[in-house]
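Colleague: model this:
(one chain, ligands or ions: 2)
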Amino acid sequence: MRIGTSMSTKRLDEVCVNEYKIPLIVMMENAILSAIKHLDMDLYDKYIVVSGVGNNGGDGLGIARQLKARGKDVKVFVVGSMEKITPCSKTNLDILKAMNISCRTLDIKGENINILEELKTSIKNSDVLVDCIFGTGLEREVKGVFKDIINIINTNKNLVYSIDVPSGINATTGEILGVCIKADKTISFEFYKRGFLKYETKEYIGDVVVEHVGIPEHIIKKYDDNEYITSIDFVKGNIKSKNKFSFKNNFGKVTIFAGSKGFSGAAFIASEAAIKSGSGLVTLVCDEDIQDIISSKVSEGMTANYKEENRINKLIETSSAIGFGCGMGDNKLTLERLEYVLNKSNCPMIIDADGLNVLKNNINILKKCENRIIITPHLGEMSRLTGKSISYIKENRLDVAKEFAKENNIIVLLKGYETIITDGNILYINPTGNSAMANGGMGDCLLGMITSFIGQGLEIFNAVVCAAYIHGYIGDILSKKLYTVNATQIINEIPSIMNEFDIEINL
Ligand SMILES: NC(=O)C1=CN([C@@H]2O[C@H](COP(=O)(O)OP(=O)(O)OC[C@H]3O[C@@H](n4cnc5c(N)ncnc54)[C@H](O)[C@@H]3O)[C@@H](O)[C@H]2O)[C@@H](O)CC1
Ligand SMILES: [K+]
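Modeller: Numbering: from 1, shown residues only. Ligands and ions are numbered 1, 2, ... in the order given. Now for the predicted structure:
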């Protein structure tokens, strides 16, 4: 699913109208017809449509017409200066009038008290309110009669379905411009709006569906922003095709540097996750004093300790992917080991946890490793790496991750609700995962999965996107029956879920 901004919508509209000669009224009618499919007409009969005078309002007027044509009871309220009404909205308003569908008009300059009372009563007597006051054209603080109407709707509503965006939200930034409709469902056009990704907007957007307005796929592709929400089809497609045609017999040889005294669990989880994700050969490199404990637990993997220099050198040279950092300790030794492995290796390297902590103020050591480093920080680690505050990163996480990836020529997987994966150019948002998974060891498990997928020969960026998706997908399935989901439970499910995905890694 594509992510887009107000600008993306505007640009597409212009291209369609000017270059491809698709009249806007045609796209609006497509939008209307695709929106009404989601208005639960089999459940409800009484609708109220509240429209503005922009094209979002036009969508609403057309929706009212289509609802009426299907025998529904519809009341329409239009708010705004009538001299500003867009041509397509005017056309739809004229059709409504010709059909004798009554429209109450709230002019911003007029005295509206009686109509506001009427609106309140109509809302109470209806099943569903369709919100078409503002769409992607909202550009300033919502005031006056618009504010009054939104407050009345939020206070008196039964169900509210917002068209394109809940009125009051900046579709690009997610900023609430003073007041905003609290939608139960948002039926958005062409793009999942970038603003919806801001955590604070979740209480306004409700369930989001994205519908098409009939713009040919190749046009959208040409003008999209390279920002997407990962779909299950993307995951299936990527993992399957890579293995089917390119790496069928190559399961990869991976090395994981992890664990230290008191942190053997991290090393175990990362290695076991790589094994269960289908790697052919997994070797864990750890401190000598935890090697025996881990060897006894990781029966299908091998272990090495830091004293075995020649063996480690050979592992680094021959690995198809290296995972580094879980439970190693935030200290000078870890930094030295990181530099050593970075210098000696040529394969993709995934750095997490203490591997990231020691990179603070040393990020330049990644510069010489062009295009083969993946970092997987959570917000705190990202804050230490970038020097930016956690609250700033939270507010601007897409741009912070993108800029950091671009500056350092790396792939960044920024963990959190709706994890981000970006190489600075393309960005994917991971829609899977849940709060039942918020416990120790999850990051180690993800590191093992990413290392394994890359080691098996998947394209690096796609491997990270797929690993994040499957990791969260398993968590989502388990959380339906478990209050908390831990890393070991995820690991145990990897083979069966991969099978369910029809992923051919183990063929
Ligand atoms: N390609 C697409 O995705 C399509 C989008 N359509 C619809 O078109 C919408 C965009 O239409 P518009 O660009 O006309 O924008 P809007 O319909 O969002 O509204 C713009 C109008 O609101 C006014 N306005 C902006 N901020 C205000 C504020 N704070 N207080 C009072 N008035 C304010 C503007 O002056 C303008 O008159 C989309 O959201 C979508 O619903 C469809 O109709 C056609 C195809
Ligand atoms: K709206």
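Colleague: model confidence over stretch 375-383, on average?
Modeller: Mean pLDDT, computed over stretch 375-383, is 96.
Colleague: ditto for stretch 431-441
Modeller: Stretch 431-441 carries an average pLDDT of 91.
Colleague: buried ones in that stretch?
Modeller: Across stretch 431-441, burial judged by 16 or more other C-beta atoms under 10 Å covers 431-433, 436-437, 441. Using the backbone N, CA and C atoms, a C-beta is placed for each residue, glycine as well.
Colleague: cool, and stretch 455-471?
Modeller: Residues of stretch 455-471 classed as buried by neighbour count (16+ other C-beta under 10 Å): 455-458, 460-471.
Colleague: hey, C-alpha coordinates of it in CSV?
Modeller: Extracted C-alpha coordinates of stretch 455-471, given in CSV (Å, rounded to 0.1, in the frame of the first residue of the first chain):
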residue,chain,number,x,y,z
GLY,A,455,22.4,-14.9,4.5
GLN,A,456,20.0,-17.1,2.4
GLY,A,457,20.4,-14.6,-0.5
LEU,A,458,17.4,-12.4,-0.4
GLU,A,459,17.9,-8.9,-1.7
ILE,A,460,19.2,-7.0,1.4
PHE,A,461,16.6,-4.3,1.8
ASN,A,462,13.7,-6.7,1.0
ALA,A,463,15.1,-9.2,3.5
VAL,A,464,14.9,-6.7,6.3
VAL,A,465,11.3,-5.7,5.3
CYS,A,466,10.2,-9.4,5.1
ALA,A,467,11.9,-10.4,8.4
ALA,A,468,10.2,-7.5,10.3
TYR,A,469,6.8,-8.4,8.8
ILE,A,470,7.0,-12.1,9.6
HIS,A,471,8.4,-11.4,13.1
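Colleague: ok, residue 49 touching residue 62?
Modeller: No - Residue 49 lies out of contact with residue 62 (C-beta atoms under 8 Å); the separation is 9.5 Å.
Colleague: hmm, back to that, ligand 2 next: which of the buried residues of stretch 431-441 are close?
Modeller: Applying C-beta under 5 Å from the ion, the subset of these adjacent to ligand 2 is empty.
Colleague: Secondary structure and distance to ligand 1 for the residues you listed - can I get that in TSV?
Modeller: Formatted as TSV, these follow (DSSP: H, G, I helix; E, B strand; the rest coil; distance: C-beta to the nearest ligand atom, whole Å):
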residue	secondary structure	distance to ligand 1
431	coil	21
432	coil	27
433	coil	29
436	helix	35
437	helix	35
441	coil	43
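Colleague: need the residues you listed in JSON lines with distance to residue 368, can you?
Modeller: Below are the buried residues of stretch 431-441 laid out as JSON lines (distance: C-beta to C-beta, whole Å):
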{"residue": "431", "distance to residue 368": "35"}
{"residue": "432", "distance to residue 368": "34"}
{"residue": "433", "distance to residue 368": "33"}
{"residue": "436", "distance to residue 368": "40"}
{"residue": "437", "distance to residue 368": "35"}
{"residue": "441", "distance to residue 368": "32"}
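Colleague: Of all pairs in those residues, which one is the farthest apart?
Modeller: 431 and 441 (22.2 Å; C-beta to C-beta).
Colleague: and stretch 124-139, is it in reach of ligand 1?
Modeller: Yes - Stretch 124-139 is in contact with ligand 1 by C-beta under 6 Å from any ligand atom, via 134-139.
Colleague: Dump that stretch to CSV, keeping only the CA atoms.
Modeller: This file holds the C-alpha atoms of stretch 124-139, laid out as CSV (Å, rounded to 0.1, in the frame of the first residue of the first chain):
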residue,chain,number,x,y,z
LYS,A,124,-28.9,12.0,16.8
ASN,A,125,-31.6,10.6,14.5
SER,A,126,-29.1,9.1,12.0
ASP,A,127,-27.1,5.9,12.0
VAL,A,128,-24.0,7.1,10.2
LEU,A,129,-22.5,10.5,9.6
VAL,A,130,-20.3,10.9,6.5
ASP,A,131,-17.6,13.5,7.1
CYS,A,132,-16.6,15.4,4.0
ILE,A,133,-15.8,18.9,5.5
PHE,A,134,-12.1,18.9,4.6
GLY,A,135,-9.8,16.6,2.8
THR,A,136,-6.2,17.0,1.7
GLY,A,137,-6.8,20.7,1.0
LEU,A,138,-7.0,21.7,4.7
GLU,A,139,-4.3,24.2,5.2
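Colleague: Remind me which helix or strand the closest residue to residue 489 other than its chain neighbours belongs to.
Modeller: Among residues not flanking residue 489 along the chain, residue 478 sits closest, at 5.7 Å (C-beta to C-beta, 6 or more residues apart in numbering). Taking DSSP states H and E as the definition, residue 478 sits inside helix 460-479.
Colleague: Low-confidence bits of this protein, can you list those?
Modeller: Within the chain, the ranges that satisfy pLDDT under 70 run 240-250, 502-507.
Colleague: how's it carved up into domains?
Modeller: Annotated domains of the chain cover 2-225, 232-240+251-374+381-505 [the TED database].
Colleague: can you give me how far the shortest one is from the chain middle?
Modeller: Averaging C-alpha positions (C-alpha atoms, centre = their mean, to the nearest Å) puts domain 2-225 23 Å from its chain's average.
Colleague: cool, the last one as well?
Modeller: Relative to the centre of its chain, domain 232-240+251-374+381-505 is centred 19 Å away, using C-alpha atoms, centre = their mean.
Colleague: how many neighbours does the closest residue to ligand 1 within the stretch 351-500 of the chain have?
Modeller: Minimum separation of the stretch 351-500 of the chain from ligand 1 (C-beta to the nearest ligand atom) falls at residue 429, amounting to 19.7 Å. Number of residues near residue 429 (other C-beta atoms under 10 Å) recorded here: 23.
Colleague: repeat for residue 308
Modeller: Residue 308: 15 neighbours (other C-beta under 10 Å).
Colleague: ok, so what distance separates it from ligand 2?
Modeller: In this view, residue 308 and ligand 2 are 63 Å apart by C-beta to the ion, to the nearest Å.
Colleague: Likewise for residue 130?
Modeller: With C-beta to the ion as the criterion, residue 130 and ligand 2 are 9 Å apart.
Colleague: In the stretch 201-350 of the chain, what residue spans correspond to helices?
Modeller: 202-205, 217-223, 232-245, 264-276, 288-297, 309-318, 332-344 (DSSP state H, counting those that start in this stretch).
Colleague: Redo the ones you listed as CSV? Include distance to ligand 1 and mean neighbour count.
Modeller: Output for those, formatted as CSV (distance: least, C-beta to the nearest ligand atom, whole Å; neighbours: other C-beta atoms under 10 Å):
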stretch, distance to ligand 1, mean neighbour count
helix 202-205, 14, 18
helix 217-223, 10, 12
helix 232-245, 22, 16
helix 264-276, 41, 28
helix 288-297, 54, 15
helix 309-318, 50, 14
helix 332-344, 46, 16
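Colleague: Could you dump these into CSV with distance to residue 445 added?
Modeller: Below are those laid out as CSV (distance: least, C-beta to C-beta, whole Å):
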stretch, distance to residue 445
helix 202-205, 26
helix 217-223, 34
helix 232-245, 17
helix 264-276, 4
helix 288-297, 15
helix 309-318, 22
helix 332-344, 20
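Colleague: and stretch 128-141, how far apart are its ends?
Modeller: 26 Å (C-alpha to C-alpha, to the nearest Å).
Colleague: Which residues does the helix or strand hosting residue 130 contact?
Modeller: Taking DSSP H and E as the criterion, residue 130 maps to strand 128-132. Contacts with strand 128-132, where a contact means C-beta atoms under 8 Å, 6 or more residues apart in numbering, come from 39-40, 44, 46-52, 56-61, 63-64, 123, 153, 157-163, 166-167, 181, 183.
Colleague: For the chain, what lies in contact range of ligand 1?
Modeller: 9, 12-13, 27-28, 31, 52-59, 84, 86, 134-142, 146, 163-164, 189-190, 213.
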